[in-house]
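Enquirer: have a look at this prediction, sequence included:
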Amino acid sequence: MAAMEQASPPPPVHIAIFPWFAMGHYTPFLHFSNKLAKRGHRISFFVPRTTISKLQHLNLHPHLITFIPITVPHVHGLPRDAETTSDVPFSLFPLIATAMDQTENDIELLLQELNPQIVFFDFQHWLPNITRKLGIKSMQYWIVYPFSLAYFDKGPRQRQSQGNDLTESDLMKPPPGFPDSSVKLHAHELRFVASTMKWEFGSGVPIYDRFRIGRELADAIGFKGCREIDGRYTDFFENFLKLGYIFLGQN
């Protein structure tokens, strides 16, 4: 009996990568891009102009990964040369987000010109509306581990919060149905998390709403992680979201 022919690998895909304007996001997104390029995929990686030089040495596949320069608009209150959170103190991060939001029209023009098949993003809650209009898929890609998303997201705690902001006391307990009941957190550990849930993070948009709107509009969600460690947390999250997800970026 003749041996069955081995299935041919899927054809390469053109992927656009658009991280939040922070080196702590650019670096893992670029590591992920290297893994995609190793499999033959072509990457268009959106980066503010003068930040490109800080990432060149991490591009292991320059024949497949192309940095696409972005001009960051000046926002009142920011230094003239500010492009990422590395250029400003923590208190000015929301203004970096406002500057990122003001690239929306330029990003749409770039996507029209480049015509990728899918775009990976994180903080840009407005991006899926652009990709849907252009017939491009979008994936919200999380560089934080699924445990944190499943534990801190407001959605599974809707009854607990009853429409109000969650407090440190609320967050000390896992949400209903959380797969790990052994988690014990203290109020002082949760003070910052609770405060950021109502933090206006650029353009008057609370940071939580950036995540929520983005995931609701995206075609799928991707996690940096692996099923062996994170599977029960992503299953918990998926049951609430009713949205497909995939593990990405580790192998």
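Expert: Good, I have the coordinates. These numbers were taken from a predicted model, which means no experiment stands behind them.
Enquirer: show me where the stretch 51-200 of the chain has helices.
Expert: Along the stretch 51-200 of the chain, the segments classed as helices by DSSP state H, counting those that start in this stretch run 52-55, 93-101, 104-114, 127-134, 146-152, 158-161, 168-171, 187-196.
Enquirer: what's the closest of the ones you listed to Phe236?
Expert: helix 146-152 (5.0 Å; C-beta to C-beta). (Each C-beta comes from the backbone N, C-alpha and C, glycine too.)
Enquirer: now that closest one - C-alpha only, PDB.
Expert: Extracted in PDB, the C-alpha atoms of helix 146-152 (Å, rounded to 0.1, in the frame of the first residue of the first chain):
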ATOM      1  CA  PRO A 146      -4.100  34.300  31.100                       C
ATOM      2  CA  PHE A 147      -4.200  33.900  34.900                       C
ATOM      3  CA  SER A 148      -4.200  37.700  35.400                       C
ATOM      4  CA  LEU A 149      -6.800  38.300  32.700                       C
ATOM      5  CA  ALA A 150      -9.100  35.700  34.100                       C
ATOM      6  CA  TYR A 151      -8.700  36.900  37.700                       C
ATOM      7  CA  PHE A 152      -8.900  40.700  37.300                       C
END
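Enquirer: now for the spatially most central residue of the chain: which residues touch it?
Expert: Nearest to the mean C-alpha position of the chain, by C-alpha atoms, centre = their mean, lies Asp122 at 2.2 Å. Applying C-beta atoms under 8 Å, 6 or more residues apart in numbering to Asp122 gives the contacts Pro19, Trp20, His25, Gln140, Tyr141, Trp142, Ile143, Gly214.
Enquirer: okay if I get those as TSV plus neighbour count?
Expert: Formatted as TSV, those follow (neighbours: other C-beta atoms under 10 Å):
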residue	neighbour count
Pro19	27
Trp20	20
His25	17
Gln140	27
Tyr141	25
Trp142	21
Ile143	19
Gly214	20
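Enquirer: among those residues, which lie within strands?
Expert: With DSSP state E as the criterion, strands contain Gln140, Tyr141, Trp142 from among the contacts of Asp122.
Enquirer: switch these over to TSV; also include pLDDT.
Expert: Below are the ones in strands among the contacts of Asp122 laid out as TSV (pLDDT from 0 to 100):
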residue	pLDDT
Gln140	93
Tyr141	92
Trp142	88
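Enquirer: okay, now the nearest residue to Asp165 once chain neighbours are set aside: neighbour count?
Expert: Once flanking residues are discounted, Asp165 sits nearest to Lys198: 5.0 Å by C-beta to C-beta, 6 or more residues apart in numbering. Using other C-beta atoms under 10 Å, Lys198 has 13 neighbouring residues.
Enquirer: can you check the one 3 residues further on too?
Expert: When counting by other C-beta under 10 Å, one arrives at 20 neighbours for Phe201.
Enquirer: cheers, nothing more for now.
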